[in-house]
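Engineer: Let me see the structure of the following:
(one chain, ligands or ions: 2)
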Amino acid sequence: MRTRVGIIGAGPAGLYLSHLLHRSGIESVVLERRDRDYCERRQRAGIVEHGVAEALIAAGVGTRMEREGFRHEGIELRFGGQARRIDFTALTGRSVRLYPQTEIVRDLIARRIADDGRLLFEAEASAIEGAETDRPRIHFTHDGTEQVLECDYVVACDGFHGIGRASLPSDVVRTFEKVYPFGWLGILADVPPSCDELIYAHHPRGFALHSMRSESVSRLYLQVPNGTDAADWSDEQIWDELSARFALRSGGWELKRGPITDKSVTPMRSFVTEPMRHGRLFLAGDSAHIVPPTGAKGLNLAMNDVMLLAEALVAEDRRGTTELLDAYSDTALRRIWRAMHFSFWMTTLLHTLPEDDAFDQRLRLSHLEHIAASPAAATHLAENYTGIPRI
Ligand code: FAD
Ligand code: DHB
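Structural biologist: Numbers count the residues shown, from 1 in each chain. Ligands and ions are numbered 1, 2, ... in the order given. Next up, the predicted model:
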């Protein structure tokens, strides 16, 4: 099998790249080891940055997001028993969309299929060969047979546990990592959200986040210690803990409870690979970098990476120039490191650390108070959260 761009992974990065290339007349093949149903159901991110939402709309894959997604013009910070709103639109003129990653993936898969895109499910890539040549090859297994995909370029959009990053020679790659001593216990519940905008709550018992999936489905998260097994938490314990962390001193706000339909623990990590390229092999999205989810940046970074790559591959295709491809890693890494800092900052601002003492707790409350009271401090949060247009 032969194609111009071989893409490993049908997450948001691989699917969107394949769609953008198709719009510019460049053919690609996407290899995905899971089945379609699994890809469409995997619960992950929920927030789409302003610029990414506009790009999806401009690329013709934002129709359902515009119709069914929700525009959020701010978030609530809850700490010290008080609720304080950060008004993104007043501070930056921008907003975000609440539109689940599952729906983005569904829209992109449907569109690739409608456009006769070559998207192979249950096709697992096992090796990438010849990245330093002008004919790189991907070895993969599909329908029980071993096959080879010959390409001009390979883009690994295969997530944190894929083969792309491992295929870069160890002497050219540098990695940077931070592991946090906590994770998130995330639930999906069949109950209308108890709020109109997301609530990021800091509490001495730990962080909690109230998000949503629709008018009838809520998504909530609790900070839990590393090593926590979701099965050890009963539904009642989860609701009690959430209610305690969201409680307002004045009362007058109640967390609605309902049947929990999904429960899982996500570990927290910051991770960056440099460079994101070797020869004709490029990395994009989680295959190259991971952020803790507190800043809602993982999905957005993945989409930003492939927008840069698509533009660079189109320039090479149309004009034979590799300038943008050569600049890809450095250009992408500027945004990635900004998101690394922001996600780390939001995480340490809002979570409690096992080693925290009373001094640390007071500092954190003072910092939160400053963000809530000072437009200058709030603008730092708002412009990073909604997405910095050009970096
Ligand atoms: P992925 O979505 O991981 O897609 C990679 C694809 O490659 C997968 O479909 C995988 O099956 C496929 N693949 C892997 N190896 C191979 C192979 N050898 N051959 C073929 N296919 C392969 N971000 C947020 O902003 N907010 C959140 O709340 C949030 N929650 C998350 C929860 C979890 C459990 C995880 C893992 C991530 C979460 N993220 C969150 C991060 C966000 O979802 C990711 O940043 C986003 O999915 C990145 O997209 P991607 O396309 O780069 O990678
Ligand atoms: C969601 C997840 C996040 O990490 C976040 O910061 C905001 C929303 C979500 O899953 O909806």
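Engineer: Please count neighbours and contacts with C-alpha atoms only from this point.
Structural biologist: OK.
Engineer: residues from the protein in reach of ligand 2?
Structural biologist: 44-47, 211-212, 293-296 (CA under 6 Å from any ligand atom).
Engineer: and with 5 Å instead?
Structural biologist: Within the chain, the positions adjacent to ligand 2 are 45-46, 211, 293-296 by CA under 5 Å from any ligand atom.
Engineer: With pLDDT as new columns, can these be given to me in JSON lines?
Structural biologist: Shown next, in JSON lines, are those (pLDDT from 0 to 100):
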{"residue": "Ala45", "pLDDT": "92"}
{"residue": "Gly46", "pLDDT": "92"}
{"residue": "Ser211", "pLDDT": "98"}
{"residue": "Pro293", "pLDDT": "97"}
{"residue": "Thr294", "pLDDT": "97"}
{"residue": "Gly295", "pLDDT": "95"}
{"residue": "Ala296", "pLDDT": "97"}
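Engineer: Is any residue of stretch 223-239 near ligand 1?
Structural biologist: No. If you take CA under 5 Å from any ligand atom as the test, stretch 223-239 misses ligand 1, and the best it gets is 12.6 Å.
Engineer: Using PDB, list the CA coordinates for that stretch.
Structural biologist: Taking Å, rounded to 0.1, in the frame of the first residue of the first chain, the C-alpha atoms of stretch 223-239 are listed here in PDB:
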ATOM      1  CA  GLN A 223      -8.300  15.000  43.100                       C
ATOM      2  CA  VAL A 224      -7.300  11.600  44.600                       C
ATOM      3  CA  PRO A 225      -3.900  10.300  45.700                       C
ATOM      4  CA  ASN A 226      -1.800   8.300  43.200                       C
ATOM      5  CA  GLY A 227      -2.600   4.600  43.300                       C
ATOM      6  CA  THR A 228      -6.400   5.200  43.900                       C
ATOM      7  CA  ASP A 229      -8.600   2.500  42.400                       C
ATOM      8  CA  ALA A 230     -11.900   3.900  41.100                       C
ATOM      9  CA  ALA A 231     -13.700   0.700  42.300                       C
ATOM     10  CA  ASP A 232     -12.800   1.600  45.900                       C
ATOM     11  CA  TRP A 233     -15.100   4.600  45.800                       C
ATOM     12  CA  SER A 234     -18.800   4.000  46.100                       C
ATOM     13  CA  ASP A 235     -21.200   6.300  44.200                       C
ATOM     14  CA  GLU A 236     -22.400   7.800  47.500                       C
ATOM     15  CA  GLN A 237     -18.800   8.500  48.700                       C
ATOM     16  CA  ILE A 238     -18.100  10.300  45.400                       C
ATOM     17  CA  TRP A 239     -21.200  12.500  45.700                       C
END
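Engineer: Tell me, domain by domain, which residues of this protein belong where.
Structural biologist: 5-72+98-176+269-346, 179-268+353-386 (automatic domain parsing).
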